[in-house]
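*Asks:* Fold the following, please.
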Amino acid sequence: MYAYPHFRRQSAESVRLLMAPSEEAKRLENAESGVAKHKEEVLSEASTFVINNGGDPTDQFLVLAHCKLHFGMYRGQRFRWLLENSLGYALYLLHSISNETVQANPLSENKQLFIQYTFQIREMMEELEKFTKKQKLQAKALEKNAKHLARRQRFLTATVHLEARASTPPAASLVSHQPPVELPSHWEDQLPPFQQEWIRQTLFKANPQTGKPELVPQLKLWWHPPQPPLIHTQPPASPNHFFCRPLFLWMPQKMWLLPLVCVRPSCGKHRLTSAGLYRIVRKVLDIDGWYDLATEYLECKRCSKKYPAWSEDILEQLDMGHRSQFPALLTYRYSCDIRVLRMMRERTMGNSVTQLYKKLQEQHSEAWMQCVLQYLTACEPFTRSCAVRPVFAEPPLLPALPKPKWLLAIYARDVLERLNEVKAKITSTFGSVLKMDSTKKITKKLAGAAAGTAAWCTSVGNEHGQVLVSVLTASEGHALDLMAAGLMRRYREAREAPPKIMYVDRDCCSQHGPCRVKAMFAEWDGLQVRLDIWHFMRRFAAGVTTEAHPLYNMFMARLSTCIFEWDAEDVAALRRAKEGELAAKRIGHISEEVVKTRITRRELALHCRRRTRGVAETTRMIAALIHLFDSAGGKDTLGVPLLDHERIQQIWKEQEKHISCIQDPEDVPLYIKTGTLKKGGVELCCYRCARGSTSLESFHLHLNRFIPGTSASDAHFQAYLLEGLMRWNDDRMEDTVKGAPSLHCYGSALKEAVDQLSQTVLGRSWDERYPIPGAYTGKKLSLIQHEEE
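*Replies:* You can find the predicted model right below:
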């Protein structure tokens, strides 16, 4: 005796089950009739049957299998028998009674026993799922046919009415009657109900010949829903009018008659023709809400391939003036407006996708609450004025936002789509005074498969503070050879003059031939390698007993004085300007001491140039400084010395040979005039210093902020780094080139298109300071290199 049914199959090897009734089932149709028995009687009879046939009555599944049906055409047969002999009818029964409400009567109890038995059989669940899907598809097809017949009937009625009106006098036919407008059938499935009404009335009209919907002749890109009435004379029937969203219609061929072609090589750029509206309507995430995006379908008659007009194959054929009007970046499920993407591009502290997600949540919630408020405000007067309080519909729920993980993925895709443009801007950066420095902080943020593969991030900058290249390496030594080779190739292919000087924090000189840095950049024969003075001074800081010593700041200030001297003319001009400012304030007698105290370090750095004192003078002054602070003059009031005698003497012995490495070259100007400033009636020059690698130290501080949070995968890490480098370079150039305020735009393709059209239309360049970037040369920018063993 068994409980699990033995299903009939089409053949012994087939997995498909037979649905048709067996010969035995055909003979037994409508064999018994009677009244349904209670659940206890049915189970008791089944248990007795199981015992009489040698079965176990405690096996509930076995007992259920031998319960009798008290409904249907096979009434009186057992559950297992029905599944073995008429599976198709069993599925029909199961699908029907699954949607019924359970009642307290014997018939309903018998049906629930049947459900309890069949739901434990795997094949029944699989076939029920298939059967349910088939029923839904059939119902949907019937609904579409019914709509089509109803639309056809309305069209025929309207046509008869128009023909009847045509026979009336002209004065009687002043009011025109148009056939009713319907949405395309595939749009009805895509758009929510509250969008369908206004789009149907605004965007479509009925074809007078066929009655099918077609677009109105006056097309535009943005379509906005009608505003709800300001004064309601009747209670709002639905909140839909308050929650409608805009529609963006993208039809480049129909709107602008652009010559779009098939991209398949075998078609030979065959012209595409219109194939109607694309069946899918996309939902696009905006800053404070959503909007729908629809497009046209284009077809190649030669190869029969079809393209939605928002595909990359079509967008790449458009010029920048038309391409820039497409507002979104599409993904498989959601789409994102370009304005949301721009909010993620700024690489500063705290600009993470989680923070953007919270901002979007706030914006969407407030916009939605405004709609709810307007709806409830329109409903509220009718709660007081009506004798019978009307029942108002609930407002729709706030649509859920995509998760931060999706925002991060869409940002990475945005960077990848602009990758060549971003790389071209970075690799189009050059300079005559270069600086090279390394940091470890940012490499700790590498996560995933790339975690631990890099130990250093080395960057090369120019005199403007821009970054030419930034690479991740496993070590700080020979792994930089590839970077140096790529940098020299960039200068060579662009036919740029080689740089004249490079500031480094190590490997500035060698007792045995050329130094390490000079050997790396062997193509640049005239390159002078200099040691960064800030790093040189920090080496002396290792010889102090503690940096908290009261004489430490004085020692470092005097060490700087031993190396640098101010330009006398610049200092004199600044003094005159400061005297003029003080005289304008009428503060009385102005002494030289008062003027000196009023000049700030910031003003000195901005308006005065410095130069090194020379090898002999610097050596003499540093030796005297060390001798002074390494004696009784270098102790505080408690007798604690500032310098450790043995350490400072060893450091001076090692660093004395680098005095020549920190001297300014004679033929290289290290100050750039960025503008002028008038103070106290004196016009002062503003300078930017190109000496040393201090600007890279500042860049490394910001570089760590380019990567939001504490970790990022290798792909997202490079996306953040490339975007940050491009924006950093543009900002530094803007700081360097003073004059009329420039547009705050980082898109080189957009700038180039505006500049070209300005030259054609206006006869002048739009921004004279904007350099057009060259093509990307394939130079690696942010890669991980491993030093060979």
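
*Asks:* going forward, measure contacts and count neighbours with C-alpha atoms only.
*Replies:* Will do.

*Asks:* list the buried ones in stretch 521-529?
*Replies:* Residues of stretch 521-529 classed as buried by neighbour count (16 or more other Cα atoms under 10 Å): 521, 524, 527-529.

*Asks:* So which residues make contact with that stretch?
*Replies:* 484-485, 488, 498-504, 508-509, 517-518, 661 (Cα atoms under 8 Å, 6 or more residues apart in numbering).

*Asks:* and if we set it to 6 Å?
*Replies:* 500-502, 508 (Cα atoms under 6 Å, 6 or more residues apart in numbering).

*Asks:* Format the CA atom coordinates belonging to it as CSV.
*Replies:* What follows is stretch 521-529 as a C-alpha-only set of coordinates in CSV (Å, rounded to 0.1, in the frame of the first residue of the first chain):
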residue,chain,number,x,y,z
PHE,A,521,64.3,59.7,-16.6
ALA,A,522,67.4,59.1,-18.7
GLU,A,523,65.8,60.6,-21.9
TRP,A,524,65.7,64.1,-20.2
ASP,A,525,69.4,65.0,-20.3
GLY,A,526,68.9,68.5,-19.0
LEU,A,527,66.8,67.4,-16.0
GLN,A,528,68.1,68.8,-12.7
VAL,A,529,67.1,66.7,-9.6
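
*Asks:* Mind checking the pLDDT average for it?
*Replies:* What stretch 521-529 shows for mean pLDDT is 91.

*Asks:* again, but for stretch 92-111
*Replies:* Rounded mean pLDDT across stretch 92-111 is 86.

*Asks:* ok so, going back, quick one: the buried residues of stretch 521-529 as JSON lines, columns for distance to residue 309 and secondary structure too.
*Replies:* Formatted as JSON lines, the buried residues of stretch 521-529 follow (distance: Cα to Cα, whole Å; DSSP: H, G, I helix; E, B strand; the rest coil):
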{"residue": "521", "distance to residue 309": "50", "secondary structure": "coil"}
{"residue": "524", "distance to residue 309": "51", "secondary structure": "coil"}
{"residue": "527", "distance to residue 309": "53", "secondary structure": "coil"}
{"residue": "528", "distance to residue 309": "56", "secondary structure": "strand"}
{"residue": "529", "distance to residue 309": "56", "secondary structure": "strand"}
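
*Asks:* Can you name the residues that contact residue 699?
*Replies:* Counting by Cα under 6 Å, 6+ apart, residue 699 has no contacts.

*Asks:* cool, and residue 195?
*Replies:* By Cα under 6 Å, 6+ apart, the neighbours of residue 195 are residue 244.

*Asks:* That one looks like it's in a helix, true?
*Replies:* Yes. Per DSSP: H, G, I helix; E, B strand; the rest coil, residue 195 lies within a helix segment.

*Asks:* tell me the pLDDT at it?
*Replies:* At residue 195, pLDDT is 90.

*Asks:* Equivalent analysis for residue 769, please.
*Replies:* For residue 769, pLDDT reads 63.

*Asks:* Please apply the same query to residue 419.
*Replies:* 86.

*Asks:* who are the neighbours in contact with residue 186?
*Replies:* By Cα under 6 Å, 6+ apart, the neighbours of residue 186 are residue 279.

*Asks:* how much space is there between it and residue 198?
*Replies:* 17 Å (Cα to Cα, to the nearest Å).

*Asks:* now residue 364
*Replies:* 22 Å.

*Asks:* Same drill for those two, tell me which one is more crowded.
*Replies:* A count of neighbours by other Cα atoms under 10 Å puts residue 364 above the other of residue 364 and residue 198, at 22 against 17.

*Asks:* ok, the more buried one touching residue 289?
*Replies:* Yes. At 5.4 Å, residue 364 and residue 289 qualify as touching, with contact defined as Cα atoms under 6 Å.

*Asks:* Near the nearest residue to residue 357 once chain neighbours are set aside, how many other residues are there?
*Replies:* Taking Cα to Cα, 6 or more residues apart in numbering, and ignoring the residues beside it in sequence, residue 357 has residue 404 as its nearest neighbour in space, at 6.0 Å. If you count neighbours by other Cα under 10 Å, residue 404 ends up with 16.

*Asks:* Next up, the contacts around residue 404.
*Replies:* Per Cα under 6 Å, 6+ apart, neighbours of residue 404: 353-354, 357.

*Asks:* who wins for neighbours among the residues you listed?
*Replies:* Neighbour-wise, the contacts of residue 404 (other Cα under 10 Å) top out at residue 353, 21 neighbours.

*Asks:* And the nearest residue to that one once chain neighbours are set aside, its phi and psi?
*Replies:* Nearest residue to residue 353 in three dimensions, chain neighbours excluded: residue 404, at 5.5 Å (Cα to Cα, 6+ apart). Main-chain torsions, residue 404, degrees, to the nearest 10: phi -60, psi -30.

*Asks:* And residue 404, how close does it get to residue 347?
*Replies:* 17 Å.

*Asks:* Output the lowest mean pLDDT helix or strand found in this protein.
*Replies:* None of the helices or strands of the chain scores lower by mean pLDDT, DSSP states H and E than strand 784-785, at a mean of 44.

*Asks:* Tell me where the model's unsure across the stretch 251-400 of the chain.
*Replies:* Within the stretch 251-400 of the chain, the segments meeting pLDDT under 70 span 349, 386-387.

*Asks:* now stretch 497-507: how far from the chain's centre is it?
*Replies:* Offset of stretch 497-507 from its chain centre (Cα atoms, centre = their mean, to the nearest Å): 37 Å.

*Asks:* hmm, who's touching that stretch?
*Replies:* Contacts of stretch 497-507 (Cα under 6 Å, 6+ apart): 432-436, 516, 527-532, 692.

*Asks:* so can I have JSON lines of those residues showing distance to residue 628 and secondary structure?
*Replies:* What follows is the contacts of stretch 497-507, written out as JSON lines (distance: Cα to Cα, whole Å; three-state DSSP):
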{"residue": "432", "distance to residue 628": "39", "secondary structure": "coil"}
{"residue": "433", "distance to residue 628": "36", "secondary structure": "strand"}
{"residue": "434", "distance to residue 628": "36", "secondary structure": "strand"}
{"residue": "435", "distance to residue 628": "34", "secondary structure": "strand"}
{"residue": "436", "distance to residue 628": "34", "secondary structure": "strand"}
{"residue": "516", "distance to residue 628": "35", "secondary structure": "helix"}
{"residue": "527", "distance to residue 628": "37", "secondary structure": "coil"}
{"residue": "528", "distance to residue 628": "34", "secondary structure": "strand"}
{"residue": "529", "distance to residue 628": "32", "secondary structure": "strand"}
{"residue": "530", "distance to residue 628": "28", "secondary structure": "strand"}
{"residue": "531", "distance to residue 628": "26", "secondary structure": "strand"}
{"residue": "532", "distance to residue 628": "25", "secondary structure": "coil"}
{"residue": "692", "distance to residue 628": "28", "secondary structure": "coil"}
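
*Asks:* With distance to residue 270 added, can I get the residues you listed in TSV?
*Replies:* Shown next, in TSV, are these (distance: Cα to Cα, whole Å):
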residue	distance to residue 270
432	50
433	52
434	51
435	53
436	53
516	58
527	55
528	58
529	59
530	61
531	62
532	61
692	59
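
*Asks:* which of those residues tops the neighbour count?
*Replies:* residue 435 (29 neighbours).
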